[in-house]
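*Asks:* Model the structure of this input:
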Amino acid sequence: MNKNIRWAAGVIIVAAISGVLFTKNNDGDVSKVRTLQVMMKDDVMTMNPIMTTDIYSSQAQDQVYEGLYRYKGNKVVPAMAEKIVKPSQNGTVYTFKIRDNAKWSNGDKVTAQDFVTAIRATADPKTKSQASADAISIMKNYDSVHVGAMTPDKLGVKAIDSHTVQITLTQATPSFDKLATAIIPVNTKNYAKWGNKYGTASEYMVTNGAYQMNGWTGTNSSFMFTKNSNYWSAKRVQIEKVKVRVIKTPMTAANEFKNKHLDIAQLSDEYIKTYKNTKYYHATPQAVVRGIYFNETSDKTNNQHLRQAFGYLIDREAITSNVMNDGSMPQSNAVPKGIMTNPITGADFTKDAGTQFKVDKKKAQSEWSAYLQSIGKIMLRLQ
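*Replies:* Predicted coordinates:
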């Protein structure tokens with residue numbers, strides 16, 4: 001996924017809220033629901049973790065694949081790896097033992113080579129992967145491998161034996177545990193067999209997570225997640241089946257929930273106000289910020305003083321409380337709360353970064369004056 005967002009081009013205003021309607025079936029005990037009916041807002045483009053660039057494919061893959069680690073709430077816990085690893089050699093070398101009971105949905109054991117295959121393929125320029133490679137790009141020799149100056153086998157990853165994978169980083173990275181949650185293996189045998197077809201449809205997939213994906217042709221808008229009996233922690237998976245439909249219009253989602261064709265429906269802003277006071281409504285903070293963005297191609301608006309003037313003038317509290325009124329929270333940093341914590345103190349990044357903008361009319365006027373001076377004007381009307 002492309003994460004190179006140019007925050008400097010605008011003014012951050014709010015951190016978004018995801019509004020969800022949740023059915024209170026079976027006294028609200030989701031463990032009693034054997035088939036859950038859910039929706040996605042857009043189509044799944046690929047189920048090949050090496051090639052993923054969009055959020056909806058990532059959401060689907062989260063149900064069927066599992067990396068070295070995973071999140072349990074905000075905490076990183078072991079997944080395919082037996083335990084959380086302490087790095088050696090000044091924090092640059094991680095040696096992971098893969099669970100002995102980790103299996104693919106076809107019964108194959110998950111091996112160290114499955115991780116090596118996926119990591120090398122992501123870095124290999126011949127693969128033409130556009131997937132986010134935050135965890136892989138900090139591995140030894142990544143830059144040289146990615147431009148073709150070195151072969152993929154020179155990348156800082158290797159299989160010591162069938163159950164041991166070793167990763168060497170360019171330098172110590174305290175946040176690597178979190179990044180390792182995104183290191184997803186591929187089934188080496190079938191990846192070689194299917195080639196470019198891997199992950200393009202249910203028939204070209206094997207999974208190592210809690211579910212398998214059934215009935216997905218690569219282009220259709222409905223499919224099923226079914227419990228993976230070979231998953232190492234299958235006993236804890238209580239919901240047997242999840243029926244998924246792609247529903248792109250908010251009105252359709254709300255109506256399908258009302259007619260009991262959905263157990264969980266995602267709402268757009270205009271429907272949150274309608275349902276927020278009902279027993280079915282649940283609000284979940286999103287890792288999304290919204291704001292005002294300026295035309296960078298114009299010399300009149302591509303100006304830092306202009307953006308800072310707006311930054312000091314906008315009352316974010318008033319906008320979220322009186323205008324939006326959907327649960328969104330005032331935001332003065334480019335990074336929402338809950339995205340990253342200080343690996344030493346555990347403090348949220350936004351606390352360490354501090355508040356960038358508060359309403360300050362004097363500072364806003366000062367920045368506006370500096371803006372007018374920089375463009376040689378004494379007055380300007382923006383439309």
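*Asks:* Quick one: the strands in the stretch 1-150 of the chain, in order.
*Replies:* 10-22, 35-40, 69-72, 75-78, 93-97 (DSSP state E, counting those that start in this stretch).
*Asks:* can you check the stretch 201-350 of the chain too?
*Replies:* 211-214, 222-227, 241-246, 264-267, 281-293, 329-330.
*Asks:* Lowest average confidence across the ones you listed, which one?
*Replies:* For those, mean pLDDT drops lowest on strand 281-293, to a mean of 76.
*Asks:* Just grab the bridge partners of residue 164 for me.
*Replies:* On the basis of DSSP bridges, residue 164 is bridged to residue 97, residue 161.
*Asks:* For it, list the residues it contacts.
*Replies:* Residue 164 sits next to 95-98, 112 when contact means C-beta atoms under 8 Å, 6 or more residues apart in numbering. Every residue, glycine included, has its C-beta placed from N, CA and C.
*Asks:* what about 7 Å?
*Replies:* Going by C-beta atoms under 7 Å, 6 or more residues apart in numbering, residue 164 touches 95, 97, 112.
*Asks:* Residue 163 is in contact with the last one, correct?
*Replies:* So that's residue 112. Yes. Here residue 112 reaches residue 163: they are 6.0 Å apart, a contact under C-beta atoms under 7 Å.
*Asks:* got the phi/psi numbers for residue 365?
*Replies:* Note on residue 365: its backbone torsions stand at phi -60, psi -40 [degrees, to the nearest 10].
*Asks:* Poorly predicted segments of the stretch 51-200 of the chain, please.
*Replies:* Judged by pLDDT under 70, the stretch 51-200 of the chain has no weakly predicted residues.
*Asks:* ok, back up a step: list the residues that contact both of residue 112 and residue 163?
*Replies:* Joint contacts of residue 112 and residue 163 (C-beta under 7 Å, 6+ apart) are residue 98.
*Asks:* Looking at the two, which one has more neighbours?
*Replies:* Ranked by neighbour count (other C-beta atoms under 10 Å), residue 112 and residue 163 place residue 112 first, with 23 against 17.
*Asks:* do you know how far the more buried one is from residue 156?
*Replies:* 14 Å (C-beta to C-beta, to the nearest Å).
*Asks:* that older thread, quick one, which of the strands of the stretch 201-350 of the chain is nearest to residue 365?
*Replies:* Ranking the strands of the stretch 201-350 of the chain by distance to residue 365, with C-beta to C-beta as the measure, places strand 281-293 first at 18.4 Å.
*Asks:* send the alpha carbons of that closest one over as CSV?
*Replies:* Provided in CSV are the C-alpha atoms of strand 281-293 (Å, rounded to 0.1, in the frame of the first residue of the first chain):
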residue,chain,number,x,y,z
TYR,A,281,-24.5,1.7,16.6
HIS,A,282,-20.8,1.3,17.4
ALA,A,283,-18.1,3.9,16.7
THR,A,284,-14.5,2.8,16.1
PRO,A,285,-11.6,5.2,15.6
GLN,A,286,-9.9,4.9,12.2
ALA,A,287,-6.3,5.4,11.3
VAL,A,288,-7.5,8.2,8.9
VAL,A,289,-7.1,11.9,9.0
ARG,A,290,-9.0,14.5,6.9
GLY,A,291,-8.2,18.1,6.1
ILE,A,292,-8.0,20.9,3.6
TYR,A,293,-5.6,20.4,0.7
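*Asks:* buried set for that strand?
*Replies:* Going by neighbour count (16 or more other C-beta atoms under 10 Å), the buried part of strand 281-293 is 281, 289, 291.
*Asks:* Could you do stretch 156-173 as well?
*Replies:* Residues 156-159, 163, 165-169, 173 are the ones in stretch 156-173 that count as buried (16+ other C-beta under 10 Å).
*Asks:* Quick check: of these, which lies closest to residue 298?
*Replies:* residue 173 (39.3 Å).
*Asks:* Now the residue lying closest to the closest one once chain neighbours are set aside: phi and psi?
*Replies:* Here the nearest residue to residue 173 in space, its sequence neighbours aside, is residue 138; by C-beta to C-beta, 6 or more residues apart in numbering that works out to 5.5 Å. Torsion angles at residue 138 (phi, psi; degrees, to the nearest 10) stand at phi -100, psi 10.
*Asks:* Isn't residue 337 up against residue 350?
*Replies:* Yes. Residue 337 is within contact range of residue 350, at 5.1 Å (criterion: C-beta under 7 Å).
*Asks:* These two - which one has more neighbours?
*Replies:* residue 350 (21 against 15).
*Asks:* quick one: contacts for that one?
*Replies:* If you count contacts by C-beta under 7 Å, 6+ apart, residue 350 has them with 333, 335, 337.
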